[in-house]
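Peer 1: Pasting a predicted model and its sequence here:
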Amino acid sequence: MTSFRFIYANFPNPTLSKSKISARLASFRRGLLATQKGWERPLNEDGTPDPQKWLDLSDDIRLSLAEQRKIDSRAERISDRHAASTGLQHLRMDDMRLCCTNPMRDSSCESSMVAVWYE
């Protein structure tokens with residue numbers, strides 16, 4: 001007879017991957033540097049700030065290698081801590097992939113229960 005083991009865990013948030021966190025932190029740092037340099041935020045016709053033009057303008061700023069390493073290190077720590085907080089860190093990568101890509105998972109609900117079965 002097949003036994004089912006249930007664990008209660010949260011699914012990992014895909015927006016908290018190392019690369020996405022690193023990109024967001026780098027964008028934020030470039031924005032801070034642009035503000036420190038005295039660059040004005042571009043405005044729309046109605047006088048509100050235009051975030052897309054600001055991103056385009058701040059993308060011209062290059063971060064130093066030391067800053068980029070620091071950002072990558074911080075992003076890795078954030079991502080690792082999030083992964084550890086999900087309750088799935090004890091699983092092998094194959095089991096983790098099975099749980100997180102399970103077609104039975106209802107993506108419309110915020111269920112925190114994960115069923116892992118062994119044959």
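Peer 2: Looks like it came in fine. Residues are numbered from 1 along each chain as shown.

Peer 1: Tell me where this structure has helices.
Peer 2: Ranges of helices in the chain, per DSSP state H, are 18-36, 51-58, 65-85, 93-100.

Peer 1: List the buried residues in the longest one.
Peer 2: Along helix 65-85, the positions that meet the burial threshold by neighbour count (16 or more other C-beta atoms under 10 Å) are 71-72, 75, 79, 82-83. Using the backbone N, CA and C atoms, a C-beta is placed for each residue, glycine as well.

Peer 1: For stretch 75-82, which outside residues touch it?
Peer 2: With contact meaning C-beta atoms under 8 Å, 6 or more residues apart in numbering, stretch 75-82 is reached by 12-13, 16-19, 21-22, 25.

Peer 1: Just name the closest of these to Thr48, please.
Peer 2: Distances from Thr48 to those, taken as C-beta to C-beta, are shortest for Leu25 (25.4 Å).

Peer 1: Make sure the closest one is actually in contact with Arg74.
Peer 2: Yes - between Leu25 and Arg74 a contact is recorded at 6.4 Å, counting by C-beta atoms under 8 Å.

Peer 1: which regions of this protein sit below the pLDDT cut-off?
Peer 2: For the chain, the stretches with pLDDT under 70 are 1-12, 93, 96-119.

Peer 1: Buried residues in stretch 39-59, which are they?
Peer 2: 54, 57-58.

Peer 1: now, among these, which is nearest to Trp39?
Peer 2: Leu57 (6.6 Å).

Peer 1: Number of residues surrounding Lys18?
Peer 2: For Lys18, the count of nearby residues is 16 (other C-beta atoms under 10 Å).

Peer 1: Contacts only, for the closest residue to Leu25 other than its chain neighbours.
Peer 2: Distance criterion C-beta to C-beta, 6 or more residues apart in numbering; nearest residue to Leu25, sequence neighbours excluded, is Ile71 at 4.7 Å. Ile71 makes contact with 22, 25-26, 29, 63, according to C-beta under 8 Å, 6+ apart.
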